[in-house]
Every structure is written in C-alpha cells, then in structure tokens.
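Trainee: Here is a sequence together with a model predicted from it:
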Amino acid sequence: MPSAEEVGLESQNSAPWWSLFVYGASTGDGVGAGIELISPEAHKIRHTTHLDFHATNNDAEYEALINGLKLALEMKVENLNVFSDSMIAVYQINGGYQAKGPRTELYLKCAQRIIARFKEESLELISRGQNEGVDELAKLGSRCEATLFGVVSLDIQRHPSVPEHEVGNIGSDLGLTWMRPI
C-alpha cells in the first residue's frame, strides 16, 4: 500500500492520510462496486455494493468511487489518497479527459463535490493488478451472494447516485410527419 510520502504528498495539516481503493464491475451476473478504506494504522474496512439498476462499467466505477468517498467522510477522514484503475474516472476528475454524455457529467460533478469536502486528497490511477482486492469485492457484489454476510458488508443500491437523465418522448400527437412511416 503506497503511503502519502511514496505518492509525493506532504500534508499541510497534522491529520493522518487514509487510503481508499475502489473498483466497479459490470458483469454478466450484474453490477457491483468494491471499496477498501485503509486507516493510517493499516486497519481495513471492506465493503461491496450490488447495484440493482442498469449501469455501464464506467457508471459502476463512479458508483464505487462515490460510495467510497462517502464512507471516508463518515469515518471523519480529512486527508485521503484514492486509488482506482478506471482511467476514464481518474482522468476526468483530474481534468485530463472531458466527460462525454449527460450521465457521465452528473457522476463527475457528484464526485468532485464530495472530493472537495476533504482537506487534502489525491486521486491516482493504478494498474488492475494493484487493485485485485476490490476487484474481487466488486465481482462478489455483482452476484449479490448471501455468503458475503459476516465476511464483508453488502448493500443493495436500487438507484444511481446521480439522477436519471431524462430523455423527452416523441408524442403521438404530432400528426402525420416524415417520422410516421419509420
């Protein structure tokens, strides 16, 4: 586990640095999010969430990130190193990529609002191999297995963290138009 010094950070305040590893997975079995929050003393809080709604793999990555950030805030974390293997999410939040699509923009803004609540933070892209533990949690969450109870906490999230993007319906009161035969 990289420390704050290893990733080139020096704290401006006296609060210790925590680490958060996140991973979202959309599999044939379903969609899950895995989170591992590690205290400065190396205590680990592992959590998985089954996403009980349609979500792309990128949506699942953002859900994992948002849920992990919320958990860190609940634990009163002030300084946080976040590690994810989602190039899209990391680069969008760090300003390297633009968010494409309304839902992705909503996820990006939601994550940025939560990140802003920490005194200091970093978001770093890591390889999938460095993220294996939360990868397994996300896969378990996607299957929503009852065997997880007692081993790791499992939530079922019925709705996305961001509002659904509304798409206007084409009404049938348009009469005869070029679209009617289609």
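Mentor: Okay, I see it. Residues are numbered from 1 along each chain as shown.
Trainee: what does the lengthiest helix in the chain contact?
Mentor: Determined from DSSP state H, the single longest helix within the chain is helix 57-74. Identification of contacts with helix 57-74 by CB atoms under 8 Å, 6 or more residues apart in numbering yields 18, 20-26, 31-35, 37, 45, 47, 49, 51, 55, 80, 82, 84, 86, 88-89, 103-104, 107-108, 110-111, 114-115, 117-118, 134, 138, 157, 160-161. Using the backbone N, CA and C atoms, a C-beta is placed for each residue, glycine as well.
Trainee: which ones among those are found in strands?
Mentor: Among the contacts of helix 57-74, the members found in strands (DSSP state E) are 18, 20-26, 31-35, 37, 45, 47, 49, 51, 80, 82, 84, 157.
Trainee: residues contacting Glu78?
Mentor: Asn13, Ala15, Phe118, Lys119, Glu120.
Trainee: again, only using 10 Å
Mentor: 11, 13-18, 72, 117-121 (CB atoms under 10 Å, 6 or more residues apart in numbering).
Trainee: just the buried members of the contacts of helix 57-74?
Mentor: 18, 20-26, 31-35, 37, 45, 47, 49, 51, 55, 80, 82, 84, 86, 88-89, 103-104, 107-108, 110-111, 114-115, 118, 134, 138, 157, 160-161 (16 or more other CB atoms under 10 Å).
Trainee: looking at this protein, which helix or strand does the model trust least?
Mentor: Averaged element by element with mean pLDDT, DSSP states H and E, the chain has its least confident helix or strand at strand 153-157 (a mean of 80).
Trainee: Output the below-cut-off pLDDT ranges for the chain.
Mentor: The model of the chain has pLDDT under 70 over residues 1-13, 145-153, 165-182.
Trainee: For stretch 124-138, measure first residue to last.
Mentor: End-to-end span of stretch 124-138 (CA to CA, to the nearest Å): 19 Å.
Trainee: how far is that stretch from where the chain is centred?
Mentor: Remark: stretch 124-138 is offset 12 Å from the chain centroid, using CA atoms, centre = their mean, to the nearest Å.
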